[in-house]
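> Here is a sequence with its predicted model. Questions after.
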Number of protein chains: 2
Amino acid sequence: MGNKSNNLLLGALEMLVLKSLLTEDRHGWGISKRLKQISSGAFTLNVGSLYPALYRLEKKGLVESYAATSEKGREARFYKILPKGKQQLEEHTADWREFSLAVEAVLLSDS
Amino acid sequence: MGNKSNNLLLGALEMLVLKSLLTEDRHGWGISKRLKQISSGAFTLNVGSLYPALYRLEKKGLVESYAATSEKGREARFYKILPKGKQQLEEHTADWREFSLAVEAVLLSDS
DNA sequence: TTAGATATTTCGAATATCGAAATATAAGTG
DNA sequence: CACTTATATTTCGATATTCGAAATATCTAA
């Protein structure tokens, strides 16, 4: 699909992850539970996709991570969204909406 | 992204292609122009993605193709959606909507 | 004749997905 | 105590698709 933001579709996961980090730092496991909860179970992230996505985000400088103790008293790696991540989140959100509106326009059209 | 229909995201292209074949048979080029038009330019399909997608759809028995003369007097391969394709279109449309609503729910949430 | 529109094919590089399994620790249950 | 469940992360390979680009071909219009 040849859209503005090259990986709009594949980037959806990253967008959702960034969004879930907006209000508080979370670890991978927490992100997974959070997204599942908010989406009413529609998203069941595969950890084999989620954790690599987190590494990518960090490598790209969109988030940073640190070790800390989770709410359950376990060691966990927490992720914090960085300014660059917030910016990309905004852009991807706008792109996503444009894209999904366009999809809907096609789905609703007569042909 | 671990959703019901395995390739919901990547399957968007196929869904849009099937949709554009619902009211009339079209050739690849025509599908491309049609989707671009209806989406107000949001979609600019890469032919390197579109034609392979068409082959896949045919191989899966969702569409069938035949050679004919285009409106512009050129030889072209027209694609016709088959019952199985209509069925999949319905399923993928439902899945897509569920998915995009869930994404929107996350994007609108406080966290 | 030169360019632009129409139409399809093919290529390789890059990347992400997926499911699955392995690892580890803490808490709770029988 | 043994066992299971919840928490949390890492890593793997197979598979599939995307993308950009370029090659081909024909017709029309300037």
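Looks like it arrived, so ask away.

> Which parts of chain A are strands?
A:26-27, A:63-69, A:75-81 (DSSP state E).

> other SSEs contacting the shortest one?
Based on contacts counted as 3 or more CB pairs under 8 Å, 6 or more residues apart in numbering or on different chains; DSSP states H and E, the elements that strand A:26-27 packs against are strand A:75-81. Using the backbone N, CA and C atoms, a C-beta is placed for each residue, glycine as well.

> The strand it packs on near chain B at all?
No: against chain B, strand A:75-81 shows no contacts by CB under 8 Å from any CB of the partner chain, the least distance being 11.3 Å.

> Equivalent analysis for stretch A:15-24, please.
Yes: residues of stretch A:15-24 contacting chain B under CB under 8 Å from any CB: A:Met15, A:Leu16, A:Lys19, A:Ser20, A:Leu22, A:Thr23, A:Glu24.

> Show me these that map onto helices.
Using DSSP state H, the subset of the residues of stretch A:15-24 next to chain B located in helices is A:Met15, A:Leu16, A:Lys19, A:Ser20.

> Run through the residues that contact the first one.
Put plainly, it is A:Met15. Shown in contact with A:Met15 (CB atoms under 8 Å, 6 or more residues apart in numbering or on different chains): A:Leu89, A:His92, A:Thr93, A:Trp96, B:Leu107.

> ok, the second one touching A:Glu14?
Put plainly, it is A:His92. Yes: A:His92 is within contact range of A:Glu14, at 7.3 Å (criterion: CB atoms under 8 Å).

> thinking again about what came up before, tabulate the ones in helices among the residues of stretch A:15-24 next to chain B (TSV), appending pLDDT.
As requested, these are exported to TSV (pLDDT from 0 to 100):
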residue	pLDDT
A:Met15	94
A:Leu16	95
A:Lys19	96
A:Ser20	96
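
> ok, and of the residues you listed, which contact DNA strand C?
Contacts with DNA strand C are made by none of those, judged by CB under 7 Å from any atom of the strand.

> Find the nearest non-adjacent residue to the residue of chain A found nearest DNA strand D, please.
Residue nearest to DNA strand D within chain A: A:Ser70 (2.6 Å; CB to the nearest atom of the strand). In space, and not counting its chain neighbours, A:Ser70 is closest to A:Ala76: 4.3 Å by CB to CB, 6 or more residues apart in numbering or on different chains.

> What of A:Trp29?
A:Ala76 (6.9 Å).

> Stretch A:64-77: end-to-end distance?
Start-to-end span of stretch A:64-77 (CA to CA, to the nearest Å) is 10 Å.

> any idea how far the residue of chain A closest to DNA strand D lies from A:Gly30?
7 Å (CB to CB, to the nearest Å).

> Among those two, which residue is more densely surrounded?
Higher neighbour count among A:Ser70 and A:Gly30: A:Gly30, with 19 against 14, using other CB atoms under 10 Å in any protein chain shown.

> Quick one: residues contacting the more buried one.
In this structure, A:Gly30 makes contact with A:Ser70, A:Ala76, judged by CB under 8 Å, 6+ apart.

> try it again with 6 Å
Contact analysis of A:Gly30 by CB atoms under 6 Å, 6 or more residues apart in numbering or on different chains lists nothing.

> What is the burial count for A:Lys52?
In this structure residue A:52 is Pro, not Lys. For A:Pro52, the neighbour count with other CB under 10 Å is 12.

> next one: A:Trp29
16.

> Residue of chain A closest to DNA strand C, please.
A:Gly48 (2.4 Å).

> Any idea how many residues pack against that residue?
A:Gly48 is flanked by 9 other residues according to other CB under 10 Å.

> Since that was my last question, I'll sign off now.
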